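> 3D, please:
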Amino acid sequence: MEVLRAENISKIYCQNAVSFQALRGVSVTIQKGEFVAVLGRSGSGKSTLLNILAGLDKPSEGKVCIEGTDIFHLSEEKRTFLRRKKIGFVFQAYELLHSLTVIENIRLPELTKDAEYVEELLDALKIRQYEKSYPDQLSGGEQQRTAIARALVNHPPILFADEPTGNLDSRTERVVIDLLKNLAAKYETSILLVTHNEELVRDADRVIRLEDGEIVNG
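You can find the predicted model right below:
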């Protein structure tokens, strides 16, 4: 089943009468439970594509459909609600609230009170022992696993991860990637991982390579 379809996505940024085209006619489809990696150098358009697919930025041209809904035909309010319900997002910098405990951070975006599922996430991500700890008491890997649990707490059909291991050592980044792969299989969550690291994409179902805002392979 198709979870996401993006057609002919282009993005042009204009500043001080100078324009720059970050994306050029990019089309992407993602199936349910598929683990897709977007690979490219810095400046290739990876993060721009991710932000548009997640509804955080608007394309200059093209459309994005999530489970059949054209997200840019929605009002800002309805698009925000769709993002909360349908999309999980994992950032490189974790973006945890340091005044909240691990369990409070995880529950923050929750729309339903599925306590059993929250417990399942704690166990799956091996952070149950840290649920009453604060982010500054955790290692980078533990913070990232907390961020992944928060992104998954609403059972989103698709999870976007923007360089999620960029701040981690090689051993910890392997743990995080393996966890993402296992979670995709267990919960049938589609994952779109953006990275510049060739080593991280070997377990992906499919790799999309971006170069100068265009897909060159994938």
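
> lowest-confidence helix or strand of the chain?
Across the helices and strands of the chain, mean pLDDT, DSSP states H and E gives its lowest value to helix 170-187, namely a mean of 82.

> doesn't Phe160 fall inside a helix?
No. Under DSSP: H, G, I helix; E, B strand; the rest coil, Phe160 sits outside any helix and is assigned strand.

> pretty sure it is in contact with Val90, am I right?
Yes. Judged on CB atoms under 8 Å, Phe160 makes contact with Val90 at a distance of 7.1 Å. In short, each C-beta sits where N, CA and C put it, glycine included.

> now the helices for this protein?
46-53, 76-86, 102-107, 115-124, 140-152, 170-187 (DSSP state H).

> Tell me which of the ones you listed sits nearest to Glu214.
Glu214 lies closest, by CB to CB, to one member of the helices of the chain: helix 46-53, at 10.6 Å.

> From the chain's centroid, how far away is the closest one?
Per CA atoms, centre = their mean, to the nearest Å, the displacement of helix 46-53 from the mean C-alpha position of its chain is 10 Å.

> Tell me which other helices or strands that helix touches.
If you count contacts as 3 or more CB pairs under 8 Å, 6 or more residues apart in numbering; DSSP states H and E, helix 46-53 packs onto strand 2-15, strand 18-31, strand 35-39, strand 158-162, strand 190-195.

> got those strands as a markdown table, with mean neighbour count columns?
A markdown table is the format used below for the helices and strands packed on helix 46-53 (neighbours: other CB atoms under 10 Å):
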| stretch | mean neighbour count |
| --- | --- |
| strand 2-15 | 17 |
| strand 18-31 | 16 |
| strand 35-39 | 24 |
| strand 158-162 | 23 |
| strand 190-195 | 24 |
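
> Could you export the ones you listed to CSV, including columns for mean pLDDT?
As requested, the helices and strands packed on helix 46-53 are exported to CSV (pLDDT from 0 to 100):
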stretch, mean pLDDT
strand 2-15, 94
strand 18-31, 94
strand 35-39, 93
strand 158-162, 92
strand 190-195, 92
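
> Looking at those, which is nearest to Asp178?
strand 35-39 (11.2 Å).

> Return the list of helices and strands in contact with that closest one.
By 3+ CB pairs under 8 Å, 6+ apart, strand 35-39 packs against helix 46-53, helix 170-187, strand 190-195, strand 206-211.

> picking up where we left off before, for Arg5, find the nearest of the helices of the chain.
With CB to CB, the closest approach to Arg5 among the helices of the chain belongs to helix 46-53: 10.0 Å.

> average pLDDT across the closest one?
The predicted model assigns helix 46-53 a mean pLDDT of 94.

> Not counting its own residues, what contacts stretch 205-218?
Residues outside stretch 205-218 that contact it (CB atoms under 8 Å, 6 or more residues apart in numbering): 11, 21-28, 34-41, 44-46, 48-49, 201.

> of the helices and strands packed on helix 46-53, which approaches Gln143 most closely?
Closest among the helices and strands packed on helix 46-53, using CB to CB: strand 158-162, at 14.2 Å.

> In CSV, list the C-alpha atoms belonging to the closest one.
Extracted in CSV, the C-alpha atoms of strand 158-162 (Å, rounded to 0.1, in the frame of the first residue of the first chain):
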residue,chain,number,x,y,z
ILE,A,158,5.5,7.4,8.2
LEU,A,159,8.6,8.5,10.1
PHE,A,160,11.1,11.1,8.7
ALA,A,161,14.6,11.1,10.1
ASP,A,162,17.0,13.9,9.3
